[in-house]
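1. let's see this in three dimensions:
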Amino acid sequence: MRNSARSVALVLLSAIGSTSGIDAQTPDTHPTFEVAAVKRDVDVVPGNTFAGRPGGTLTVVNNPLTNVIDNAYGIRRYQLIGGPEWIDSDRYNIQAKASGDVPRGELMLMLRSLLEDRFKLRIHRETRELPIYVMTTAKGGLKVLPAREGSCVAFDPKNPPRPLRGQPRTPFCGNNLITQNTWNATSVGMPEAAAALVGVLGRNVVDKTGVPGKFDIHLQWTPDQAPTGADSSGIDASAVFLFTALDEQLGLKLESSRGPVDVLVIDHVERPTDD
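-> You can find the predicted model right below:
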């Protein structure tokens, strides 16, 4: 372990309510890890970990630097611009600990300092005109069902619900699960639904439905569902089939457009020396 000479910021990308991506903060105001070790993972095996743990510990296993930066600044991969090819190909293990138990957002700030210290990362922020998707109501009309009363419970980390033995757990309100072929959400508005699709499509998704209210979403799509007229250029092939499913099952349509996107531009980065 090595004492980190500078502070670090860590923001888990999956965290709801975390620091909004690409917020400005000078290095002098960043908190720091008490100890931190960084090592390039040369024996790459399947699977990876990126987790903030109780006691102010950050554990990163088999992660490309791009994912570490994305988490530290609360951004998506498409918002990270520039840098050499190795930031995607190299894999790194990071084990770091704060001086005490700290909230997730503060861990992310500590991670930023670690990146500045160990990887000599220098970045700046811009707003660029980039490809986006606009979400509207499909020609056949909206098919998604309104949220049922009592269909979910708000998550309280200080008082998590304890289901009765043998009884199914009531889901938390929000986007519960979105994978390469399944999307479940309870009591979400259209802006929240658009935000959930960003992770699959790799672009900003802007809600233009104009539909108020909350909805329960249960969507599945499979490789035999060919897209109908949707511009799917630049996205993962497994996500192409989502376009048809959105139209047929939810009555939602995605159209390609361009719009302003906040991005993080890498000015300088270096491979670190292993601890």
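2. now do the buried residues in stretch 179-195.
-> Within stretch 179-195, the residues that count as buried by 16 or more other CB atoms under 10 Å are Asn181, Trp183, Ala185, Thr186, Ser187, Val188, Gly189, Met190, Glu192, Ala193, Ala194, Ala195. For glycine as for every other residue, the C-beta is placed from the backbone atoms N, C-alpha and C.
3. and those residues, which is closest to Val35?
-> Ala195 (35.6 Å; CB to CB).
4. and the gap between the nearest residue to that closest one once chain neighbours are set aside and Phe241?
-> Leaving aside its sequence neighbours, Ala195 sits nearest to Val205 (CB to CB, 6 or more residues apart in numbering; 7.1 Å). Plainly put, Val205 is 17 Å away from Phe241 if you go by CB to CB, to the nearest Å.
5. repeat that for Gln249.
-> Here Gln249 is placed at a distance of 12 Å from Phe241 (CB to CB).
6. compare the two and say which is more crowded by neighbours.
-> Set Gln249 next to Phe241 and count neighbours by other CB atoms under 10 Å: Phe241 wins out with 20 against 17.
7. these two touch, right, the more buried one and Thr222?
-> Yes - proximity of Phe241 to Thr222 meets the contact threshold set by CB atoms under 8 Å, at 6.5 Å.
8. mind listing the shared neighbours of these two?
-> Residues within reach of Phe241 and of Thr222 at once, by CB atoms under 8 Å, 6 or more residues apart in numbering, are Asn181.
9. before we move on, the earlier item: and the helix or strand harbouring the residue nearest to Ala195, what does it pack against?
-> For Val205, the element it lies in under DSSP states H and E is strand 204-207. Where contact means 3 or more CB pairs under 8 Å, 6 or more residues apart in numbering; DSSP states H and E, strand 204-207 is packed against strand 122-137, helix 190-201, strand 252-268.
10. so Val102 sits right up against Leu58, yeah?
-> No - because the distance of 10.1 Å does not satisfy CB under 8 Å, Val102 is recorded as not touching Leu58.
11. show me which of these two is the more surrounded one.
-> Ranked by neighbour count (other CB under 10 Å), Val102 and Leu58 place Leu58 first, with 26 against 18.
12. any idea how far Leu130 is from the more buried one?
-> For Leu58, the distance to Leu130 - CB to CB - is 30 Å.
13. tell me, how many residues neighbour Thr57?
-> 16.
14. mind listing the residues bridging to the residue lying closest to it once chain neighbours are set aside?
-> Among residues not flanking Thr57 along the chain, Lys97 sits closest, at 5.0 Å (CB to CB, 6+ apart). For Lys97, the beta-bridge partners are Val35, Thr57 (DSSP bridges).
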